[in-house]
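S.K.: Quick one, fold the following:
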Amino acid sequence: MFRLWYNLLSPGFLRREGFVSVMWRCAVKRQIAQTAILSRSRLRSDDFSRPDTPATKVATTGPMRGLLILPLVITLLALALRLYRLGAQSLWYDEGVSVYLSRMSLPQLTAWTADDIQPPLYYYLLHFWLPLFGQFSSEFVVRFPSLFFGVLTVPLMYRMGQHLFGTMAGLLAALLAAISPLYLWYSQETRMYTMLTFLCLLSSYLLLKVLERRAPPYLLLWL
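M.R.: Residues are numbered from 1 along each chain as shown. Presented below is the predicted three-dimensional model:
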């Protein structure tokens, strides 16, 4: 490299070729060298980004596989915590009101909730859920819809956190939702709070998808 520059800058060579011509050739050679370096670096990065390369296979078969199964483990933990002593306590006043309203006819139920602060969707659900068990309805059966939505909130919380901040943030959010005393309490109560939490979180997630992709399926689900 030193010899090349020495020959290029020698007085005889400058007189024969001209200073501007020499500098132009040097700039071209430098640009060619930079292009070659960039192409080699891109080829190396492409080798690691391809799904069928050994490096990617090693990454996905190692710690990444554990990260993929963790949301399922956290969801099962949430289910176990919410199932524990689900029907141990008797219904208290608000839960009794939920059961009472669910036994009304749909017109009566709609008219009653029109004067209340609570929307009727949860009572509609109980209205069709409890007759499936008839005389076998118990505290466990009555509270199970709340448990259902409480468990569904955990993987949705993971998906929301992963979408916004990455996999580790999603796992932490799901774990906190799974073991939160507040979420556990309302997952074992015959009220609409877990369903409300799940639907609000789902609506927020679909809205993010609509704003990012403007895809018709997400837009229809959000609406």
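S.K.: residues near residue 188, how many?
M.R.: 24 (other CB atoms under 10 Å). C-betas here are computed from N, CA, C, even on glycine.
S.K.: any idea how far it is from residue 205?
M.R.: 25 Å (CB to CB, to the nearest Å).
S.K.: can you check residue 67 too?
M.R.: 20 Å.
S.K.: Give me the more crowded residue out of these two.
M.R.: Shown here are residue 67 and residue 205; by other CB under 10 Å, residue 205 has more neighbours (19 against 14).
S.K.: which element is the closest residue in space to that one that isn't next to it in sequence on?
M.R.: If the residues on either side of it in the chain are set aside, residue 205 comes closest to residue 160, at 5.3 Å by CB to CB, 6 or more residues apart in numbering. Assigned by DSSP states H and E, residue 160 belongs to helix 139-165.
S.K.: Can you list the buried residues in that helix?
M.R.: For helix 139-165, burial by neighbour count (16 or more other CB atoms under 10 Å) applies to 139-162.
S.K.: which residue ranges form the helices in this structure?
M.R.: 2-8, 11-17, 19-49, 54-61, 63-83, 93-102, 106-114, 121-129, 139-165, 167-179, 181-187, 193-213, 216-222 (DSSP state H).
S.K.: just for the protein, where's the confidence low?
M.R.: 1-66, 214-216, 218-223 (pLDDT under 70).
S.K.: can you do 90?
M.R.: Residues of the chain meeting the criterion pLDDT under 90: 1-68, 115-118, 134-137, 206-223.
S.K.: Residue 191 touches residue 146, doesn't it?
M.R.: Yes: in this structure residue 191 lies within contact range of residue 146 using CB atoms under 8 Å: 6.7 Å.
S.K.: For residue 95, give me its contacts.
M.R.: 142-143, 189-191 (CB atoms under 8 Å, 6 or more residues apart in numbering).
S.K.: In stretch 77-93, which residues are buried?
M.R.: 77-79, 81-82, 86, 91.
S.K.: Determine which two of the residues you listed are furthest apart.
M.R.: 77 and 91 (26.4 Å; CB to CB).
S.K.: Would you check that residue 204 makes contact with residue 160?
M.R.: Yes: contact status for residue 204 versus residue 160: in contact at 7.1 Å, counting by CB under 8 Å.
S.K.: residues in contact with residue 123?
M.R.: 98, 101-102, 109, 113, 192.
S.K.: which residue packs closest to it, ignoring adjacent ones?
M.R.: That would be residue 101: by CB to CB, 6+ apart, it lies 4.7 Å from residue 123.
S.K.: Count the residues that sit near that neighbour.
M.R.: Residue 101 has 20 nearby residues by other CB under 10 Å.
S.K.: Columns distance to residue 125 on top of the buried residues of stretch 77-93, output as CSV?
M.R.: As requested, these are exported to CSV (distance: CB to CB, whole Å):
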residue, distance to residue 125
77, 25
78, 20
79, 19
81, 22
82, 17
86, 17
91, 17
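S.K.: of those residues, closest to residue 211?
M.R.: Nearest to residue 211 among the buried residues of stretch 77-93, with distances taken as CB to CB, is residue 78, at 28.7 Å.
S.K.: Need the nearest residue in space to that closest one, chain neighbours excluded.
M.R.: residue 178 (3.7 Å).
S.K.: No further questions, thank you.
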